[in-house]
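Engineer: This is a predicted model, with the sequence first.
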Amino acid sequence: MSNLRPSPLYNPEFEHDACGVGLIARITGERSHDVLARALAALKALAHRGAIDADAITGDGAGVLTQLPYEIFRAYFEKEKKTAPADKDLGVGMIFLPRNNELTQAHARKIVIEAVKEEGLAFIGWREVPVDISILGRKAAESVPVVTQALVARLDDLSDAEYEKKLHLAQKVAERRCAEARIDGFYVCSFSHRTIVYKGLLNAPQVRKFFPDLREKSYTTAFAIFHQRYSTNTFPTWHLAQPFRTLAHNGEINTIRGNRVRMHARERSMAGGVWGARFADLHPIVQPGMSDSASLDNVLQTLILGGRSPLHAMMMLVPMAWEKDKKLAPELREFYRFHSHLMEPWDGPAALAFTDGNIIAASLDRNGLRPARYKLYDDGYFVLASEAGVVSDLPGKVVQSGRLGPGRMIAIDLSQKKLLNDADIKAVVTKDFAYGDWNEKHLVNLHKFAEVRAHATSGTAPFVAPTAALEQQLAFGYDLDELEMILTPLAEGQEPVGSMGDDTPLAILSRRPRLLYQYFKQLFAQVTNPPIDSIREKLVMSVASGIGGRLNPFEKSPDFDGLVALDSPVLLDYEVAALPDIKFLLGRVARFQVLFDPSTGADAMENALKDIAARALSAVQTHGARVIILSDKGVDRNHVAIPMLLAMGAVTSKLINAGVRLKCDLVAETGEARDVHHIACLIGNGAAAVNPYLALATVRDLAAANKTSAPTTPAQAEANYKTAC
C-alpha cells in the first residue's frame, strides 16, 4: 500500500464524466472491417464515460451506427437459399421486440410486414440477430429484448431518396399501430437502405461481445458513429441507448419541453411540404416517452428525409451564436435570421455526430460546453471523439488536427470523397436561397417601427405613460419587499440578488397566498452544466423572437406576407400599441380581456377562461388573427384578473388542439408579471412577448420619487428594467 499522500491540488469532486461520442470514417469511401474494428476500440477507450450498475456488469448503453454490411446479409440469403436483392435495393429494419410473449411478437411482426407492403415494398423475411446474452449483467439480461431484422427490397424504380422515405413511413406507421395495440417493448433502432444501428443496454466493451455480427470480418463499412452513454436525465433502457437513427449526442437539451410542444403543434397546424398527404402518417414526429437526444433525432431525421441536407437541418436545429457576432458573414447572418422564424433552437450543451448515410458530420452547440477533437490522416482516415487519443494505432501520418469550437461543424462527403470544414459547409448551405432578400421583404422590427410611429404621431420621444396606481398594485399582490428588493434593482438595470439563506417555503407548502408563477420554480433547467459567465452570456445568449405566426419548416421558400421581429420579448407600452398598425397585421390583431366577475358564481373564472379560449380560436379560424393580445387591464371591484399564466396556458392548449397554434402568436399585457421568473413562465407557456405594464409604471414611479441609488429619469428606469430582464 502506497504511503504517498494525494496532491493538495486534487479533489475527488473534480471527477465528472459525461457521454462519450465520436466517429471514424474513410474519406475515400472505402469500406473495410478495419473501420468498424477501430470504432469499437475507440468506444472501449471511452468506457470511463459510461456508468455501471451495482451488479458491476450492466452498462447504461452503448452502440454503433454504420453503413449496411451487405456481406452479412448476402451470407444470410445464401444460407437460407433465398434470392438476394441487389445491395442498393436492400433495406433493413433493426427492431427490438418484447421477449417472453410470442403472441405479442407475432402481432408486432405482422404489423411491420403490413406497413412495408402498404408502401409498395417487398418484405423478404426476418433475420434473427445473433446475440450472446451470457455476457450481460443481471438487470440487462432481465430486460433484454428479442433483436431481429426486417429485410425489405425495393420493387419499383424509386430513387434512393424516395426509397428511404418509404422505409421511414413504414417505420412510423408500424410504430403508431403497435402503440395503438399497446405492444410494449416494440422499438425500431433503424430502418434504412443506407445505415444500421447496433446498440443496447451495454457497456462499451460488451458491444462487440454481445453482437457476433460485429466480429465478422465480412462486416465492412466506410464510417461508424459510436456512443457510450452516461445517463443523467433518463433511466437507462435498451431503446434509449445511442446512437439513434441519425445521430449520437453528448449533452442535454435544456429547452426540451418547449421543443416537443412546438413540434406537436406543427403536426396539427401545418401541411407537410414534400411529404404531402402522407404527413399525417409521420405523427407523432417526436416519439413519446423518449429522451431529449431521441427527440432531437426524430426531428433531424424528419427534416433530412423531407429534403434538407443533414448539414442544413442541423444548422436549423442547433444554430451558432449569430446574433451578436459582428464578424459573421452577411449571408450567414441572414440564413440564421430566416431560420429563427422557421424552427426554434434545440438549445443546450451538445456535441453531435450525425449522418444520412452519405454525409457524416459533427457539430457543437453555441456554448461549446462539450469537447470534440479530431484528426485527419494522410491515408484518408478521419477520427473525431469526445477526447483525444481514442485510436492510438492508426498507421497514417496526421495531416490536420484540431477541435470544434462553439457553433462549428466539420463533415465528410462520401460522394465527393472530401472533408468539409466549417467555412466550406456554411458557404454551400447559405447559397440555397436568397435569405437576405426574403428577410428584407418580409421582416419588420417592432422596436424600430414603434419608435418611428410614436415620433410621427406625437412629435416627441415615445414615452408617454401613466403612473402606477396603488389600487392596481394591491390587486396584483405587490408588496414592499418586491418594490425594494426586486423592482428597485431592476429600475437601476441590475439583476436582483439575495441571500442563499432564503427560508421562504415552497409555494405548495406555504400557508400564504402565492402567485401561480411560484408553483413553477422547479420546471426550469437544472442540469450538469458549468455556470455561464457574464462575458460568455453576452456573446452566446439571445432573447430575440418573433410575432405573427411561424413558417413551415418543410418548405424551402415559404410564401408569407410578413413577420414581426423582436430584439426582446419584453415590450414597452408604446410597442404593444404599435402592433395593430403594422401593414400586414391590419385587422389581424385581436385583444381579449382576461377578467371575470366573481359575483356570477363559483364557476365564474372557469367559464371566463373557456370563453376567452373559444373567442381566441374563433379570431384565428374565422378572422385570420395573427396576433392575440391577452390583457388584464381594467381590474376594479367588479372585475378580477384571471392569473395570466393560467389564461396563457388555456388559450395555447385550445389553439394547439385545434391545429392553428402556429398561425398566430400570443402577447401578454399584464400587471401581474414583474420579475424575470414571471416573464420566463409566460414565455414558457406560450407567450411570444410580455408587456408588464404595471411593473414598468412602478419603476418609472420609483425613479420619479428618487428611490433609486443614482439619479434616474423615468424613461431610463423603464429602459433599465427591460435591459435587466
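Structural biologist: Thanks, I have it.
Engineer: buried sites along the helix or strand of the chain with the lowest mean pLDDT?
Structural biologist: Sorting the helices and strands of the chain by mean pLDDT, DSSP states H and E puts helix 534-540 at the bottom, at a mean of 81. By 16 or more other Cβ atoms under 10 Å, the buried positions in helix 534-540 come out as 536, 540. Heads up, the C-betas are built off the backbone N, CA and C, glycines and all.
Engineer: Contacts made by that helix with the rest, please.
Structural biologist: Outside helix 534-540, the residues that touch it by Cβ atoms under 8 Å, 6 or more residues apart in numbering are 321, 324-325, 366-367, 406, 532.
Engineer: Let's see which of the residues you listed end up in strands.
Structural biologist: Nothing among those maps onto strands, per DSSP state E.
Engineer: From those residues, keep the buried residues only.
Structural biologist: Buried members of the contacts of helix 534-540, scored by 16+ other Cβ under 10 Å, are 321, 366-367, 406.
Engineer: Kindly reformat the residues you listed as JSON lines and extend each row with pLDDT and distance to K166.
Structural biologist: Formatted as JSON lines, the buried ones among the contacts of helix 534-540 follow (pLDDT from 0 to 100; distance: Cβ to Cβ, whole Å):
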{"residue": "A321", "pLDDT": "92", "distance to K166": "38"}
{"residue": "R366", "pLDDT": "91", "distance to K166": "36"}
{"residue": "N367", "pLDDT": "87", "distance to K166": "38"}
{"residue": "P406", "pLDDT": "93", "distance to K166": "38"}
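Engineer: Export the residues you listed as JSON lines, with columns for distance to D632.
Structural biologist: Shown next, in JSON lines, are the buried ones among the contacts of helix 534-540 (distance: Cβ to Cβ, whole Å):
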{"residue": "A321", "distance to D632": "35"}
{"residue": "R366", "distance to D632": "35"}
{"residue": "N367", "distance to D632": "36"}
{"residue": "P406", "distance to D632": "40"}
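Engineer: picking up where we left off before, with the contacts of helix 534-540 in mind, which one is nearest to A456?
Structural biologist: Ranked by distance to A456 (Cβ to Cβ), the contacts of helix 534-540 are led by K324 at 29.9 Å.
Engineer: residues in contact with the closest one?
Structural biologist: Contacts for K324 (Cβ under 8 Å, 6+ apart) come out as 538-539, 542.
Engineer: switch to 6 Å and redo it
Structural biologist: K324 is in contact with L539, counting by Cβ atoms under 6 Å, 6 or more residues apart in numbering.
Engineer: how near is it to L282?
Structural biologist: To L282, K324 is 36 Å away according to Cβ to Cβ, to the nearest Å.
Engineer: sorry, back to before: which pair in the buried ones among the contacts of helix 534-540 spans the largest distance?
Structural biologist: With Cβ to Cβ as the measure, no two of those lie farther apart than A321 and N367, at 7.9 Å.
Engineer: hmm, back to that, which member of the buried ones among the contacts of helix 534-540 is positioned nearest P145?
Structural biologist: Using Cβ to Cβ, N367 comes nearest to P145 of the buried ones among the contacts of helix 534-540, at 36.0 Å.
Engineer: Not counting its neighbours along the chain, what's nearest the closest one?
Structural biologist: V540 (5.5 Å; Cβ to Cβ, 6 or more residues apart in numbering).
Engineer: A411 now?
Structural biologist: Distances taken as Cβ to Cβ, 6+ apart place A361 nearest to A411, at 3.6 Å, with adjacent residues excluded.
Engineer: any idea which helix or strand carries that neighbour?
Structural biologist: Assigned by DSSP states H and E, A361 falls within strand 359-364.
Engineer: Return the list of helices and strands in contact with that strand.
Structural biologist: strand 350-355, strand 409-413 (3 or more Cβ pairs under 6 Å, 6 or more residues apart in numbering; DSSP states H and E).
Engineer: got a list of what D422 touches?
Structural biologist: 408-409.
Engineer: same question, L40
Structural biologist: Residues near L40 by Cβ under 6 Å, 6+ apart: R208.
Engineer: what do you get if the cut-off is 10 Å, keeping everything else the same?
Structural biologist: Residues in contact with L40 (Cβ atoms under 10 Å, 6 or more residues apart in numbering) are 24, 62, 64, 204-205, 207-208, 211, 214-215, 224, 226.
Engineer: And those residues, which of them are buried?
Structural biologist: The buried subset of those - by 16+ other Cβ under 10 Å - is 24, 62, 64, 204-205, 207-208, 211, 214, 224, 226.
Engineer: Describe which strands the helix or strand harbouring V197 pairs with in its sheet and in which direction.
Structural biologist: Element membership for V197 (DSSP H and E) is strand 195-200. Strand 195-200 pairs in its sheet with strand 62-67 (antiparallel), by DSSP bridges.
Engineer: got the CA coordinates for the strand it pairs with in PDB?
Structural biologist: What follows is strand 62-67, C-alpha atoms only, in PDB (Å, rounded to 0.1, in the frame of the first residue of the first chain):
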ATOM      1  CA  ALA A  62     -23.500   1.800 -25.900                       C
ATOM      2  CA  GLY A  63     -23.600   1.200 -29.600                       C
ATOM      3  CA  VAL A  64     -22.500   1.900 -33.200                       C
ATOM      4  CA  LEU A  65     -24.200   3.300 -36.300                       C
ATOM      5  CA  THR A  66     -22.600   2.100 -39.600                       C
ATOM      6  CA  GLN A  67     -23.400   1.600 -43.300                       C
END
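Engineer: Surely A170 forms part of a strand?
Structural biologist: No: looking at A170 with DSSP: H, G, I helix; E, B strand; the rest coil, it is helix, so not inside a strand.
Engineer: Determine the number of other residues adjacent to it.
Structural biologist: 28 (other Cβ atoms under 10 Å).
Engineer: pLDDT score for the nearest residue in space to it that is not next to it in sequence?
Structural biologist: Closest residue in space to A170, ignoring its immediate chain neighbours: A115 at 4.4 Å, by Cβ to Cβ, 6+ apart. Here the pLDDT value assigned to A115 is 98.
Engineer: now N529
Structural biologist: Listed pLDDT for N529 reads 57.
Engineer: again, but for N3
Structural biologist: N3 carries a pLDDT value of 46.
Engineer: same check, this time on A271
Structural biologist: 70.
Engineer: correct me, but it touches P553?
Structural biologist: No: judged on Cβ atoms under 10 Å, A271 makes no contact with P553 at a distance of 11.3 Å.
Engineer: More neighbours: which of those two?
Structural biologist: P553 (23 against 11).
Engineer: can I assume that one is in contact with V299?
Structural biologist: Yes: taking contacts as Cβ under 10 Å, P553 lies within contact range of V299: 8.8 Å.
Engineer: Overlap of the contact sets of these two?
Structural biologist: Residues touching both P553 and V299 (Cβ under 10 Å, 6+ apart): 263, 266, 313, 316-317, 343.
Engineer: Tell me which entries of those lie within helices.
Structural biologist: 263, 266, 313, 316-317 (DSSP state H).
Engineer: The stretch 151-300 of the chain: helices as residue ranges?
Structural biologist: Taking DSSP state H, counting those that start in this stretch as the criterion, the stretch 151-300 of the chain carries its helices at 160-180, 206-210, 256-269, 292-305.
Engineer: likewise the stretch 601-725 of the chain?
Structural biologist: Listed in chain order, the helices of the stretch 601-725 of the chain (DSSP H, counting those that start in this stretch) span residues 604-623, 644-657, 676-684, 693-704, 714-724.
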